[in-house]
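>>> Sequence and predicted structure are below.
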Amino acid sequence: MIRLIRTALPSVLVLTLAKPPAEPRHAVVLAPPTTPVVPARTRTYYIAADQVDWNYVPGARDEVTGRPYADSAFLVKDKPRPVSTVYKKVLYREYTDGAFRTLKLRTPEWEHLGFLGPLIRAVVGDTIRVVFKNNGDRPYSVHPHGVLYDKSSEGVPYNDGTSGADKADDGVPPGGTHTYVWVVPERAGPGPMDGSSVMWMYHSHVDEVRDINTGLFGPMIVTARGKARADGSPADVDREIIASFMQVEEQVSWLANANFHPSLDSLIKLGPKPNPSLVEDGYPWFVKFTINGFVHGSMPLAALTMRKGERVRWYLMSSTNDFDFHAPHWHGNTVILNGMRTDVAQLSMMQMATADMIPDDVGVWLFHCHVSFHNEEGMAVRYRVTP
């Protein structure tokens, strides 16, 4: 472009070349950092059904009240008597390999799982392989929710038209081993309203009522493809916590006669009744209202400790019994659940839910079921937020 410029001298014109107007500058938008896609893989777990002793109140203290705790049996036809908080259970436990000689120790961040089975973790696109050994004295199985499986890996005996090898998974005999193979397709991962991961459960299903009350119940977490770390955990979460709100009916456990002295039948004849000092209690002492197998705040506080500002994901689930309706409530902090902010969740039988928290209130806080008699029966633990 040529521009005429008049100078201070008369009749003198200067011709200059002017630069064309600059193109408008646009802001450069940088894409957010992406998580490397973890290649699909087969994740193998060695899990056994083992008979163990489980203490519902380790340390014999009610840590909600801060006082010693002792359990009692209340009977219609006899005076109250002290009873142990230790029960024989059959629990899923993880081993290091297929020899099933060395237990795989839980890391401190997963100590809160209590009597739940080991965490099974996968990413969408993976295959899960569970090598299961039954160290119990009757048939047990491993039945998963959410994932894709053939009939040989369902873990449930019923009239499904199969035979032969497709029935080997239905109930693994004492001392036997079976390998369950589950594929993790897109429909096993997070849905449109979910975050980067979801929880499913697994449990024995030979006799669902008795198997689960005996203790065979565990969690499984599936992370979306492209949102996982190398270990399968969600990359946008700093801390994961699993809380299973479970009504456990010890009188229908396969080990009931080993847990009641001189026998369950002898106690039934004496008329078990609720603790008369509890206003709303409707169940005798052998029906436990637990979080991961802990009652009366007995879960170690160190197991539920997090830092202020961490991205904490809570996975919640419930069990199968007649009053497994629960209202988990966090004191001190709030969560995002189903896209809404709240501090109380709702669970019905065998329901699973995921809630995200960024704790901002430092201190020791109560986490309990807000169904009144569940709370009264001890369905409460404490969690701690540090600066």
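Structure received. Predicted model, so just to flag it, every value in this text is computed and none were measured.

>>> ok, and for stretch 242-262, which residues are buried?
With burial defined by 16 or more other CB atoms under 10 Å, the residues of stretch 242-262 counted as buried are 242-250, 252-256, 259-260. Glycine gets a C-beta too; all of them are placed from N, C-alpha and C.

>>> and what of stretch 74-89?
74-75, 83, 85, 87-89.

>>> again, but for stretch 42-54
Buried residues in stretch 42-54 (16+ other CB under 10 Å): 43, 45-51, 54.

>>> go on, stretch 347-364?
347, 351-355, 357, 359.

>>> Could you list which of those belong to strands?
352-355, 357 (DSSP state E).

>>> Check those residues and tell me the two furthest apart.
M352 and M357 (17.0 Å; CB to CB).

>>> before we move on, back to that, what is the nearest of the ones in strands among the buried residues of stretch 347-364 to V124?
T354 (15.4 Å).

>>> Check the buried residues of stretch 347-364 and tell me the two furthest apart.
Q351 and P359 (24.1 Å).

>>> still on that earlier bit, now intersect the buried residues of stretch 242-262 with the helices, please.
256, 259 (DSSP state H).

>>> So the spatially most central residue of the chain versus T290, what's the distance?
The residue lying closest to the centre of the chain (CA atoms, centre = their mean) is I242, at 3.2 Å. Look at I242 and T290: by CB to CB, to the nearest Å, they are 13 Å apart.

>>> now do A70
From A70 to T290 the distance is 17 Å (CB to CB).

>>> and what of E94?
For E94 relative to T290 (CB to CB), the value is 21 Å.

>>> Between the two, which is the more surrounded one?
Neighbour comparison, E94 and T290: the larger count goes to T290, with 26 against 17 (by other CB atoms under 10 Å).

>>> does that one really touch E249, like I thought?
No: the pair T290 / E249 is not scored as a contact, 11.3 Å apart, by CB atoms under 8 Å.

>>> Share the number of residues neighbouring A168, please.
Going by other CB under 10 Å, the residues that sit close to A168 add up to 14.

>>> OK, contacts around it?
The contact partners of A168, by CB atoms under 8 Å, 6 or more residues apart in numbering, come to 152, 178.

>>> And S197, by the same measure?
190, 221-224, 227, 233-234, 237, 313, 354.

>>> again, but for D360
So D360 contacts 308-309, 333 (CB under 8 Å, 6+ apart).

>>> Now the buried members of the residues you listed.
N333.

>>> Now render the contacts of D360 as JSON lines, adding secondary structure.
Output for those, formatted as JSON lines (DSSP: H, G, I helix; E, B strand; the rest coil):
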{"residue": "K308", "secondary structure": "coil"}
{"residue": "G309", "secondary structure": "coil"}
{"residue": "N333", "secondary structure": "coil"}
